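Student: Build the 3D model from these lines:
(one chain, ligands or ions: 1)
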Amino acid sequence: MATRAEDLRDPSGPGSAGAGRGGPGQGGSDGSAGLGASRAPGVFGEDGEFGERAALAADAEDSVCRREEFLLPPAPGSCRYPEVAYFAGNSLGLQPRAVRAALAAELDDWALHAVEGHHRAAHPWLPYHAELREDAAALVGAAPEETVVMNSLTVNLHLMMATFYRPAGERTRIVIEDHAFSSDSYAVRSQAVHHGLDPDETVVRLRPRPGEDCLRTEDIVDYLAREGHRVALVLLGGVNYLTGEFLDIPAVTAAGHAAGCVVGWDLAHAAGNVPLALHDWDVDFAAWCSYKYLNAGPGAVAGCFVHRRHVTDPELPRLAGWWSTEQATRFEMRPELVPVPTADAWQISNPPILAMAPVRVSLRMFAETGMAALRERSLALTGYLERLLAEVVRDRPLEIVTPADPARRGAQLSLRVIGGTDVADAADAAAVAARLHETHGVLADVRRPDVIRLAPVPMYSTFHDCWRAAAALAEEVNPV
Ligand SMILES: Cc1ncc(COP(=O)(O)O)c(C=O)c1O
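Tutor: Below is the predicted model:
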């Protein structure tokens, strides 16, 4: 890990500039034009613990960041910097430069080989998904046979529920968070209806305690101990999309199992963000998308995990198609499939190769860098942003709603814009976020009504990005 990142983790030491790669101090490919006397520094100034120079120096010594391998949107013309400081990678990750060539290669193989590309393409299309399996497994802490890249996230959640949501007797409930992403909410309600159940009675939404934003592990565990005998399925977000809270997946999974429930996880905001050990945590199933931290492009093909004890159970009910059967006999066109003892058994259709290519590129990048190194960098980066934001929110109508404990969060910090107070010329989070972008080139996103989400993404965000975000926020929101 870069020593400069460690310095910034310790508030006492800004340290000196070095010569690592990918940092803003190296000539502006990252969006920084470098420090210049003619340019006004942000509110944190140039020097000192929270100065711009310290942020640039940290980036210059960083050996994990792969910023130069990504394409950044330009900042609006009035901005001090040529490129945006991108904080919306928890919504849509940046484009890896390597994706264009990977797509072009598939188009070339299609042109050159047509149908024979299934066997003769550089990455043969017939077993294409298998090429992604090991890297996907490493990403989520699984065995290769427990993972498959397929479909999109909500579709995979439905496929998992087709197998694992088996309401019976009084055990019918599905437990989600009250702050669950809407798609999950709709998905579980539709599953209840699909089984002839009343969704209002079947779906239980766990709420934080009054006055709190995040769920407490002990409250989830307590609910499952009391009511678990009525619960068929627990389906929670590993990292919450709104608050950025990283739930204690092993503790909640164990509590669900103790109560006899199936426990699945939506890892949309966790995959590529935090280290996961799905096999060892005994998770029943999980699904994640590839367009956020995994940078595989809008609507990218998603991932799915099924624990080994389930993949080897041929009796489980599954929805099936020709890609569910074993490859060796697939073209014998038998009326009945031959189940495979891997997560591939949940595949239905043949994979969309043009959409899989960016996922292959992306998963390789994660395998090369490794989640351990990314997490170490992420802790430093998000911790640095948090310390800067603490200076900003101190006397402004803003509060950080993400847990303060680094173990209970990933990269994202969510800020609530507290209404009814003197917020510059802007009254709400959306207006503040718009000004961050238009005036400062800081691209964050908003979840209504009042939350701005800032995600310094460990794969490509820089310390200087964090500095820009905090300085911009301090300029756009007036102290009270
Ligand atoms: C937590 C969570 N779940 C589900 C979804 C929906 O994903 P998809 O449209 O890929 O099914 C999203 C999308 O952002 C999400 O953040």
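Student: near the ligand, which residues of the stretch 1-150 of the chain?
Tutor: For the stretch 1-150 of the chain, no residue is in contact with the ligand (CB under 6 Å from any ligand atom). Using the backbone N, CA and C atoms, a C-beta is placed for each residue, glycine as well.
Student: Taking the stretch 1-150 of the chain, what residue is nearest to the ligand?
Tutor: Closest residue of the stretch 1-150 of the chain to the ligand, CB to the nearest ligand atom: Ser91 (6.9 Å).
Student: Mind pulling the model confidence for that residue?
Tutor: Ser91 is assigned 98 on the pLDDT scale.
Student: who's in contact with it?
Tutor: By CB atoms under 8 Å, 6 or more residues apart in numbering, Ser91 lies in contact with 292, 445, 453, 455.
Student: In TSV, list the residues you listed along with neighbour count.
Tutor: Shown next, in TSV, are these (neighbours: other CB atoms under 10 Å):
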residue	neighbour count
Lys292	27
Asp445	19
Arg453	25
Ala455	28
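Student: which of the residues you listed has the weakest pLDDT?
Tutor: Asp445 (90).
Student: Please report the distance of it from Leu436.
Tutor: Asp445 is 10 Å from Leu436, where distance means CB to CB, to the nearest Å.
Student: what touches both of those two?
Tutor: Ile452.
Student: and the closest residue to Leu139 other than its chain neighbours, what element?
Tutor: Nearest-residue entry for Leu139: Phe366, 5.4 Å, with adjacent residues in sequence omitted and distances by CB to CB, 6 or more residues apart in numbering. Applying DSSP states H and E as the criterion places Phe366 in helix 353-369.
Student: what's the following helix or strand after that helix?
Tutor: Heading C-terminal from helix 353-369, the first helix or strand you meet, by DSSP H and E, is helix 371-393.
Student: Could you count how many residues lie near the closest residue to the ligand within the stretch 201-350 of the chain?
Tutor: The ligand sits closest to Ala268 of the stretch 201-350 of the chain, with a gap of 3.6 Å, by CB to the nearest ligand atom. Neighbour count for Ala268, taken as other CB atoms under 10 Å: 28.
Student: One more: the one 5 residues further on?
Tutor: Residue crowding around Asn273 was assessed by other CB under 10 Å; the count is 31.
Student: so it sits in a strand?
Tutor: No - read with DSSP: H, G, I helix; E, B strand; the rest coil, Asn273 is coil and lies in no strand.
Student: Test my guess that it contacts Val239.
Tutor: Yes - shown here, Asn273 and Val239 form a contact pair, counting by CB atoms under 8 Å, at 6.1 Å.
Student: shared neighbours, these two?
Tutor: Common contact partners of Asn273 and Val239 (CB under 8 Å, 6+ apart): 410, 412.
Student: check contacts around Arg318.
Tutor: Arg318 neighbours (CB under 8 Å, 6+ apart): 159, 162-163, 324, 345-346.
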